[in-house]
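> output the structure for:
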Amino acid sequence: MTLSDITRFRLYNQQLTQTRFSTPAEVVAWFGAVQAQEHPASKWALGQRLPGSTDADMEQALADRAIVRTWPMRGTLHFVAAADIHWLLELIHPRSHATYANHLRRQGLDETVVAHSYRVMTKALEGGKRLKRSILKRLLDEAGIPTDENRLGILLGRASYDRLICHGCRSGNEFTFALLEEWVPKTGSLLREEALANLTRRYFTSHGPATLADFSWWSSLTLTEIKTGIELVKDDLVSVAVDGQTYWMPAATPDLAKEKNTVFLLPVYDEYLVAYKDRSAPLAGLDPAQVAKAGNGIFSPVIVIDGRVVGTWNRKLVKNTLSLSFHFFRSLSKGEEQALADAEERYRRFLAIG
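Coordinates of the predicted model:
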């Protein structure tokens, strides 16, 4: 197997060159979780894995509570399927607790303050109420709980991984918050070993070929935990060696033909790039700085052709007018130019813009 093979299998397993699903919740469940830090981008990340779907379909899945937006791991917003939200948060909780302990300590927020904030949030939200971030901030301020600088975000993140709150439906362009147990009632639980096996299987099935270090980066789980997870599901996976690295992938993956001119306009934070510690396969020798937004180290939206990053793109959406700009790292063939035009048309249909 080569680095080109790795990208080919990832495109397939990530549901980009094929898809077996018909709903946003099915796609999110397949991945285990999908990064959703930037809302328009995360909707398109799901949409391009569901041919024929629209931006409105993604909003409806959130309103229907089929998928939930919250902070399950790495202190970063993700979509999680409603059926998975409770066991996933329980599994990742020890790692999240350790991460947030450092943030809380640096901001002078002790457990007494945290408990006080939970009482304020519970009182404000119970009974099915949904409130914007700005209103929760005001209520916490009035209760004497500091929310300046980064403190509000840290308190909300801590309350999310503690399974108190999650994002509810949107009000205008802003997400609301709701009590998790009211928004998505818990119907059962998994033993920790079962949850670990479940997430390990889902990550390598949906993201493979990937390394143990990739999974640790994505999930926040320790390498010791991940090795245990591999042992639990090893019959479902196969390992391959590439350049001295061991990669894991689903054992049932078929032989794949080498497709030409497969073009994708991937959004910022798409799982195809962000879900791996080592991104050398899709970057193919590019300096990561070439695809990073100026000054912050976050990848720009990227143009991927046959699994490799060949450029970046940006959109400008004003009312019902969409304009796209492209920056390429190499010239495109005629076939690639046509495939790019087709990819742009898919994005326009997704946004319901002619």
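> go ahead and confirm residue 351 touches residue 320.
No. Using Cβ atoms under 8 Å, residue 351 makes no contact with residue 320, being 9.0 Å away. The way it works is simple: take the backbone N, C-alpha and C, and place the C-beta from them, glycine included.
> tell me which of those two has more neighbours.
With neighbours defined as other Cβ atoms under 10 Å, residue 351 and residue 320 compare such that residue 351 has more, 18 against 9.
> what sits against that one?
54-55, 317, 322 (Cβ atoms under 8 Å, 6 or more residues apart in numbering).
> figure out how far the longest helix seen in the chain is from the centre of its chain.
For the chain, the longest helix by residue count, based on DSSP state H, is helix 85-106. Centroid displacement of helix 85-106 relative to its chain, using Cα atoms, centre = their mean, to the nearest Å, is 17 Å.
> which one of the contacts of residue 351 sits closest to residue 79?
Relative to residue 79, the closest of the contacts of residue 351 is residue 55; by Cβ to Cβ it sits at 14.2 Å.
> number of residues surrounding that closest one?
17.
> please, a ChimeraX command that selects the buried ones among the contacts of residue 351?
To isolate the buried ones among these in ChimeraX, judged by 16 or more other Cβ atoms under 10 Å, type:
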select :55
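> quick revisit: packing partners for the longest helix of the chain?
strand 67-73, helix 151-161, helix 192-207 (3 or more Cβ pairs under 8 Å, 6 or more residues apart in numbering; DSSP states H and E).
> so which elements touch the second one?
Secondary structure elements in contact with helix 151-161, counted by 3+ Cβ pairs under 8 Å, 6+ apart, are strand 67-73, helix 85-106, helix 111-125, helix 133-142, strand 165-171.
> and the ones you listed: which comes nearest residue 236?
helix 85-106 (18.1 Å).
> flag every buried residue along the closest one.
85-92, 95-96, 99-100, 103-104.
> check stretch 207-214 too.
207-212, 214.
> CA atoms only: put it into PDB for me.
Taking C-alpha atoms only, stretch 207-214 is exported to PDB below (Å, rounded to 0.1, in the frame of the first residue of the first chain):
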ATOM      1  CA  HIS A 207     -11.600   7.000   8.700                       C
ATOM      2  CA  GLY A 208      -9.200   4.200   7.900                       C
ATOM      3  CA  PRO A 209      -6.500   3.600   7.000                       C
ATOM      4  CA  ALA A 210      -5.400   5.500  10.100                       C
ATOM      5  CA  THR A 211      -2.900   5.000  12.900                       C
ATOM      6  CA  LEU A 212      -3.400   4.700  16.600                       C
ATOM      7  CA  ALA A 213      -1.900   8.100  17.000                       C
ATOM      8  CA  ASP A 214      -4.500   9.500  14.500                       C
END
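> what residues does that stretch touch?
1, 5-6, 9-10, 13-14, 31, 203-204, 215, 218, 223, 226-227, 230, 237, 240, 242, 245-250, 253, 271, 275-278.
> and what of stretch 304-323?
4, 7-8, 10-11, 259-266, 272-273, 281-284, 286, 291, 300-303, 324-330, 332, 336, 339-340, 347-348, 351, 353.
> where along the chain do the strands fall?
34-35, 67-73, 76-81, 131-132, 165-171, 174-179, 237-242, 245-250, 263-266, 302-305, 308-318, 321-328 (DSSP state E).
> now distance to residue 149 and mean pLDDT too, for those strands, in TSV please.
As requested, these are exported to TSV (distance: least, Cβ to Cβ, whole Å; pLDDT from 0 to 100):
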stretch	distance to residue 149	mean pLDDT
strand 34-35	24	97
strand 67-73	18	95
strand 76-81	19	96
strand 131-132	20	96
strand 165-171	20	93
strand 174-179	20	96
strand 237-242	44	95
strand 245-250	40	96
strand 263-266	33	97
strand 302-305	32	96
strand 308-318	30	93
strand 321-328	35	94
